[in-house]
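Asks: Need coordinates for the below:
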Amino acid sequence: MSAIGKEEIVAKITQVAERVGGPEGIEIVDVQLLGAGRGRVLRIFIDRPQGVSHADCEFISHQVGTILDVEDVIPGENYTLEVSSPGLERKLFKEKDFERFVGQKAKVVLREPVENQRRWEGKLAGISQGVVALEPSDGRVIHFPLTQVEKANLKFEW
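Replies: Residues are numbered from 1 along each chain as shown. Below you'll find the predicted structure:
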């Protein structure tokens, strides 16, 4: 399976999952297709404002799994479908993720350094026109374009 083929498959799976989850108020956070051959695993991470229930996971698993099989979206060998919530330290991908979690602590790794630093931790202060504001310490705010984010996730305080 070529890299392009895999990306196309993941994009199709994401569309199917959004078609199923959307009307139920279930957000598709991430779709990952891992491994190869019989060892392939399809992971779908879902969320909703009031939290994800076991029934939500079962619903997405059953509905999406059936559509993927009928439409033969994942060609070839079998795969294992796992559906779960993104957890406490969920990854942040889209602009709406950064909007939704304003005020929460996040850990961010940038592609290019800001103030000679690629790794930042702080409170999400907002996002406007694709520019993220992060408060690494009280009264100090740094700004960087969302396109510069290599990876970001919420930071859970124990």
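
Asks: Just the helices from this protein, written as ranges.
Replies: With DSSP state H as the criterion, the chain has helices at 3-21, 54-70, 95-100.

Asks: Make JSON lines from these and add distance to E121 to it.
Replies: The way it works is simple: take the backbone N, C-alpha and C, and place the C-beta from them, glycine included. What follows is these, written out as JSON lines (distance: least, C-beta to C-beta, whole Å):
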{"stretch": "helix 3-21", "distance to E121": "29"}
{"stretch": "helix 54-70", "distance to E121": "30"}
{"stretch": "helix 95-100", "distance to E121": "15"}
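
Asks: right, so the ones you listed: which one is the most enclosed?
Replies: Of all the helices of the chain, helix 95-100 has the most neighbours on average by mean count of other C-beta atoms under 10 Å, namely a mean of 17.

Asks: Give me the contact list for that helix.
Replies: V29, L92, L124, G126, I127, G130, V132, L146, A152 (C-beta atoms under 8 Å, 6 or more residues apart in numbering).

Asks: so what's the last one up against?
Replies: What that stands for is A152. K91, L92, F93, F98, A106, K107, V108, V109.

Asks: which of the contacts of helix 95-100 count as buried?
Replies: Those of the contacts of helix 95-100 that meet the buried threshold are V29, L92, L124, I127, V132, L146, A152, by 16 or more other C-beta atoms under 10 Å.

Asks: quick one: which of those is nearest N116?
Replies: Closest to N116 out of the buried ones among the contacts of helix 95-100 is V132 (18.1 Å), distances taken as C-beta to C-beta.

Asks: buried sites along the longest strand along the chain?
Replies: With residue count as the measure and DSSP state E as the assignment, the chain has strand 117-128 as its longest strand. By neighbour count with 16+ other C-beta under 10 Å, strand 117-128 contains the buried residues W120, G122, K123, L124, A125, I127.

Asks: Need the residues that contact that strand.
Replies: Under the contact criterion C-beta under 8 Å, 6+ apart, strand 117-128 has outside partners 95, 98-99, 101-112, 114, 132-137, 141-142, 146, 150, 155.

Asks: out of those residues, which are buried?
Replies: 98, 101, 105-108, 110, 132-135, 142, 146, 155.
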